[in-house]
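K.L.:
One predicted model, sequence on top.
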Amino acid sequence: MTAVKKQRIINCVSQLPYKIQLGESDDDWKIKPLQNNSALFSSFQYLNESEDYEQHIVAWTGEITRENNGVSIFSNEDNINQKLSNDLKDSKIDDKSKISKTTSTENPTHPSELEEDPLYLSQSQLDKLDESLKEYSSDENSIHLKVDNIHPVWLLRRDQNRWRKYAENVIWPTFHYILKQSAEGEEENNWWYDYVRFNEAYAMEISKIYQNGDIIWVHDYYLLLLPQLLRMQLNPKNDDKNFNLKIAYFHHSPWPSNEYFRCLPRRKQILDGLLGADRICFQNDGFSRHFVSSCKRLLDSTSKKSKNEFDIDQYQISAYGGDVIVDSLPIGIDTKVYLEKAFDKDIDSKVLAIKQAYQDKKIIIGRDRLNEVSGVIQKLRAFETFLAMYPEWRDKVVLIQVSSPTNNKDSQTTIKLEQQVNDLVNSINVTYGNLNFSPVQHYYMRIPTDVYFSLFRSADLCLVTTVRDGINTTSLEYVTIKSKTSQFQCYGDPLILSEFSGSCTVLDKAIIVNPWDSVAVAKSINSALNLTVEQKYALQEQVWSQVPTIQDWTDKFLATFKTITEKFGNDPSSDRRITPALNRPILLENYNKAKRRLFLFDYDGTLTPIVQDPAAAIPSARLYSILDKLVADPKNQIWIISGRDQKFLNKWLGSRLPQLGLSAEHGCFIKDVSHEGWVNLTEKYDMSWQEAVSKKMEEFTDRTPGSFIERKKVALTWHYRRAVPELGEYNSLELKNELEEIAQKYDLEVMEGKANVEVRPKFVNKGEIVKRLVWHKHGEQQNLLAGPDFNLLIDDMPDFVLCLGDDFTDEDMFRQLNSVEKTWEEKFPTNSNQWGNYGIYPVTVGSASKTTVAKSHLTDPQQVLDTLGLLIGDVNLFQSAGTVNLDTRGHVKNSESSHKSEQATVAYALRKTNSSTSIKK
Ligand SMILES: O=P(O)(O)OC[C@H]1O[C@H](O[C@H]2O[C@H](CO)[C@@H](O)[C@H](O)[C@H]2O)[C@H](O)[C@@H](O)[C@@H]1O
Ligand SMILES: [Mg+2]
């Protein structure tokens, strides 16, 4: 019997669940488990043990450190943890000398030492580390997370935490409603380029292991560009119909309202990056709604709401018909493991120690990261208010607050926050404490899990006052631990939970508070501490039933994803092809190698952004400068193929740049490169239709305030951008229907443009123009009255065609180019280039989910100009994501910086060998 093939899942997370350090010798790798992100890691563990799945994990190694003068960063942390453990064990926790001041971590391996050490690892060291990691991660006997298939992402540049900067300094604050004073300065640009590289490095690693049918599951805000990059990297070969790229994304953090999200300068690239996924899932429906509204506002998407199989709201986001599913599913925890681990004998003795230390006192526990949104300040203020409002509790309640440092612990903001916390703690302890007792015990450190469990078990109340988070697993863990009876009566002690915490949408039966209202929180603390045993138990029963398990979360997520991919996969009416972003590095390589380049540009919405008034959509200085450079290269032929009339195109383009070829009114008129005369291709056509169409349009203009008619030589355009949107849209459909009747009579085409309806003769269109321009001897004068020359040899025609357009009328150009490519494949099968194609790029300008026959997309005119700037050498490759080959240090492969870095590695190794030989001597 053949074994059933397991479904492969490639889980992509920002960092491996391990910390890596290089010891004294060159191959002495030390690996330790990472403490945070335990909920997600439990899901990995679950999948690793599953019989149905074969899991692969792709993750960055995190900052690899060196042992500093024999002092391990691990031993330092262990020392700190040991200190708190000892405090608890020795019942010294209320020793005045320790509690009056905040305990904080001191870290002897300061990051600056790492900055100066660019970690020049030799290939053999890397191989050894790879091996050690694989051994460590799959070690059956160890207690850390076991992962059978681990694929580390190497990024070993100087200042390794550069890879975190954009995510942590720009995205994270915005997602948590913290607006930093920031501009698109050079520093932020560099962070962005690193962010793009970080995502690129993942795409590369995944492309090495990807097999058709795999589920790729991307996690959180470090990897927002990855879904789209994967669509670019993992394109089907030769339009393989069985190719089935399945990408799911889960967002662990909050998603902000559009008002905040749109402050991000790279907002469109971010949305576009994410929309490469088939499904985008959030912690709760509020976040999903924010995301949908960002797509609507920024990408002109529409959305349809329905329910999924678990009765959860889901949105089908469509921009011009393409679909991405957006929904929510709050993450859970491994309750079984918590219940096992928190109740072992060792922890019993620690609980006993704490209980004895606070024999006659109620214990309130708080455990948060120390950052601007965890609400530690709000908690302390509320506790202070509580002691002021309820004097009867003074000396009878202790708040043990454990605040763990974040990666940003050395930032000015965190230092200031730490100072504020210290001041508040001291002020409360001075006001309400005495010689023997301080009501607030603050520990600024990471604590080991046994201490964490013992504190939770000892607590009479847990206080979570976060002002914003994705989901607060601390509250889930607390409720879980309180669900078990034990000798220390820890069952059912209540939880006070902030209404701004993501978990409050899950644990809505907990005691919910507004952390900004310290009086209300103080009252809730008082009521919670006064609950009778029966009340506590009743409350606990309800809250406990709401805790989601990680197993359930994983199963539900995958089940829903299966339904989504199967439903769309089998539904013939659904066209959910997501158009990959244009692969800019390959385009650049192709451009540089090409000898005969043809550019076919639409104008409005492609070279200039759409604006209210058509007369105001004039070329920018940047566009002129790009066109100047493009036309100056004799290999290039540039054509603007637009719906605009000759007058407009002449005025703004032709008179300034006579080298441009122009086509006006959707193919009705044409003017050759470097010539002045126009030819009217509709000259012999009966124009009596104009009267009937104009009359109809006038009728609708009267009915639609703000609308107007643009009269060109041949085509007529009815614009409604300045009308009330709903009325404009509604009347445009009506008008279109009525015009169709006239169109049949005169053989016209009625086109729905961007907030317009246009009419022109059917036999001319942009595609016809493109056909004659491609089937033409490159560089030679056009015979404007003759058609395409199908007898040409491939070497006479362009070997690079970049066609850009944004709306429906441009699809004719793309369709034509696709057909040219097909014909060339048949006619000239041996003449394809090194990438196996003919250098033809039909590119739509708009979102990834737009329905189009183009092969790739660019988001907007700004990205169009960036791409053209890239070709003429004005723009850096990392202005926006492409897909680039990177070396292990994060340099573009074969680039100058990559070579320099390689040389430096060799020089470093040599220096090391020399110095060790001279010491030996
Ligand atoms: O083929 P194109 O070059 O893209 O031209 C298509 C139409 O573009 C113009 O209208 C559109 O752009 C205006 C300016 O941004 C905007 O106000 C309007 O709502 C859009 O529909 C132009 O006015 C038309 O003549 C072109 O046919
Ligand atoms: Mg356009």
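P.N.:
Structure received. Residues are numbered from 1 along each chain as shown. Ligands and ions are numbered 1, 2, ... in the order given.
K.L.:
burial count for the residue nearest to Gln834 when sequence neighbours are not counted?
P.N.:
What sits nearest to Gln834 in space, not counting adjacent residues and going by Cβ to Cβ, 6 or more residues apart in numbering, is Lys593, at 7.9 Å. All C-beta atoms are positioned from the backbone trio N, CA, C, and that covers glycine. As a burial measure, the neighbour count of Lys593 was computed by other Cβ atoms under 10 Å and equals 13.
K.L.:
my guess is Lys593 meets Asn833, correct?
P.N.:
Yes. Assessed by Cβ atoms under 8 Å, Lys593 is found in contact with Asn833 at 7.4 Å.
K.L.:
In terms of secondary structure, what does the helix or strand hosting Glu589 contact?
P.N.:
Glu589 belongs to helix 584-593 when assigned by DSSP states H and E. Under the contact criterion of 3 or more Cβ pairs under 8 Å, 6 or more residues apart in numbering; DSSP states H and E, helix 584-593 touches strand 800-805, helix 861-871.
K.L.:
what does the stretch 601-750 of the chain put close to ligand 2?
P.N.:
With Cβ under 5 Å from the ion as the criterion, the stretch 601-750 of the chain meets ligand 2 at residues 602, 604-605.
K.L.:
what residues are up against Asp517?
P.N.:
Contacts of Asp517 were listed using Cβ atoms under 8 Å, 6 or more residues apart in numbering, and none were found.
K.L.:
Check the one 4 residues further on too.
P.N.:
Residues in contact with Val521 (Cβ under 8 Å, 6+ apart) are 378-379, 382, 385-386, 463, 465, 496, 513-515.
K.L.:
Those: which two are farthest apart?
P.N.:
Within those, two members stand farthest from each other by Cβ to Cβ: Phe386 and Asn514, at 14.8 Å.
K.L.:
Among the two, which residue is more densely surrounded?
P.N.:
Neighbours were counted for Phe386 and for Asn514 using other Cβ under 10 Å; Phe386 has more, 26 against 15.
K.L.:
State the distance from the nearest residue to that one once chain neighbours are set aside to ligand 2.
P.N.:
Counting by Cβ to Cβ, 6+ apart, Phe386 lies nearest to Ala522, which is 3.8 Å off, once chain neighbours are set aside. When distances are taken as Cβ to the ion, to the nearest Å, Ala522 and ligand 2 turn out to be 60 Å apart.
K.L.:
before we move on, what SS does Ala522 have?
P.N.:
Secondary structure, DSSP: H, G, I helix; E, B strand; the rest coil: Ala522 is helix.
K.L.:
Is it in contact with Ala382, as I believe?
P.N.:
Yes. Contact between Ala522 and Ala382 holds when scored by Cβ under 8 Å: they sit 5.6 Å apart.
K.L.:
Contact residues of the protein facing ligand 2?
P.N.:
Proximity of the chain to ligand 2 is assessed by Cβ under 5 Å from the ion, with 602, 604-605, 806-807 identified as the residues in range.
K.L.:
Among those residues, name the ones that also lie close to ligand 1.
P.N.:
Contacts with ligand 1 are made by 602, 604-605 out of the residues of the chain next to ligand 2, judged by Cβ under 6 Å from any ligand atom.
K.L.:
Pick the one among these closest to Ala854.
P.N.:
Set against Ala854, the nearest of these by Cβ to Cβ is Asp602 (11.4 Å).
K.L.:
what's the burial count for that closest one?
P.N.:
There are 25 residues near Asp602, going by other Cβ under 10 Å.
K.L.:
Val324 too?
P.N.:
Residue neighbour count, defined by other Cβ under 10 Å, stands at 28 for Val324.
K.L.:
With the one 3 residues further on instead?
P.N.:
With neighbours defined by other Cβ under 10 Å, the count for Asp327 comes to 23.
K.L.:
Check for me that Gln637 belongs to a strand.
P.N.:
Yes. Under the criterion used here (three-state DSSP), Gln637 sits inside a strand.
K.L.:
so what's it up against?
P.N.:
Shown here is Gln637, whose contacts under the criterion Cβ under 8 Å, 6+ apart are 597-599, 661, 673, 773, 778-779, 798.
K.L.:
can you check Pro634 too?
P.N.:
If you count contacts by Cβ under 8 Å, 6+ apart, Pro634 has them with Gly779.
K.L.:
For it, which three-state class applies?
P.N.:
Here Pro634 is recorded as coil under three-state DSSP.
K.L.:
From ligand 1, how far off is it?
P.N.:
For Pro634, the distance to ligand 1 under the criterion Cβ to the nearest ligand atom, to the nearest Å works out to 26 Å.
K.L.:
Which secondary structure element of this protein has the lowest mean pLDDT?
P.N.:
The least trusted helix or strand in the chain, going by mean pLDDT, DSSP states H and E, turns out to be helix 96-99, with a mean of 34.
K.L.:
Next to ligand 1, which bits of the stretch 251-400 of the chain? Give me the list.
P.N.:
Close to ligand 1, as judged by Cβ under 6 Å from any ligand atom, the stretch 251-400 of the chain has no residues.
K.L.:
Where does the prediction get shaky in the stretch 251-400 of the chain?
P.N.:
Applying pLDDT under 70 to the stretch 251-400 of the chain flags the ranges 319-322.
K.L.:
ok, now which ones touch Lys180?
P.N.:
The neighbours of Lys180, taking Cβ under 8 Å, 6+ apart as the test, are 169-170, 173.
K.L.:
Just the ones in helices from those, please.
P.N.:
Among the contacts of Lys180, the members falling in helices (DSSP state H) are Pro173.
K.L.:
and of the contacts of Lys180, the nearest to ligand 2?
P.N.:
Within the set of these, Val170 lies nearest ligand 2; the separation is 31.7 Å, counting by Cβ to the ion.
K.L.:
So that closest one is in contact with Asp194, correct?
P.N.:
No. Here Val170 does not reach Asp194: they are 11.2 Å apart, not a contact under Cβ under 8 Å.
K.L.:
Domains in the protein, by residue range?
P.N.:
For the chain, the structural domains run 7-66+117-328, 335-547, 584-641+781-879, 688-761, 891-920, going by the TED database.
K.L.:
Spell out which residues of the protein are next to ligand 1.
P.N.:
Proximity of the chain to ligand 1 is assessed by Cβ under 6 Å from any ligand atom, with 602-605, 610-614, 617, 642-644, 710, 717, 719, 721, 753-756, 758, 809 identified as the residues in range.
K.L.:
For ChimeraX, write a command that selects the buried ones of the residues you listed.
P.N.:
The ChimeraX command for the buried members of the residues of the chain next to ligand 1 (criterion: 16 or more other Cβ atoms under 10 Å) is given here:
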select :602,603,604,605,610,614,617,642,643,644,710,717,719,721,753,755,756,758,809
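K.L.:
low pLDDT regions in the stretch 501-650 of the chain?
P.N.:
By pLDDT under 70, the weakly predicted segments of the stretch 501-650 of the chain are 568-578.
K.L.:
for it, what spans make up the helices?
P.N.:
For the stretch 501-650 of the chain, applying DSSP state H, counting those that start in this stretch gives helices covering 518-529, 533-544, 550-570, 584-593, 621-632, 646-649.
K.L.:
Would you indicate which residues of the shortest one are buried?
P.N.:
Same thing as helix 646-649. Going through helix 646-649 with 16+ other Cβ under 10 Å, the ones that come out buried are 646, 648-649.
K.L.:
Show me what it is packed against.
P.N.:
strand 661-664.
K.L.:
Repeat the analysis, applying 10 Å as the threshold.
P.N.:
Packing partners of helix 646-649 (3 or more Cβ pairs under 10 Å, 6 or more residues apart in numbering; DSSP states H and E): strand 661-664, strand 669-671, strand 678-680.
K.L.:
now for the first one, which elements pack on it?
P.N.:
Translated: strand 661-664. The criterion is 3+ Cβ pairs under 10 Å, 6+ apart, and the helices and strands that strand 661-664 contacts are strand 597-601, strand 636-641, helix 646-649, strand 669-671, strand 678-680, helix 766-774.
K.L.:
Likewise for the second one?
P.N.:
Using 3+ Cβ pairs under 10 Å, 6+ apart as the contact criterion, the elements in contact with strand 669-671 are strand 636-641, helix 646-649, strand 661-664, strand 678-680, helix 766-774.
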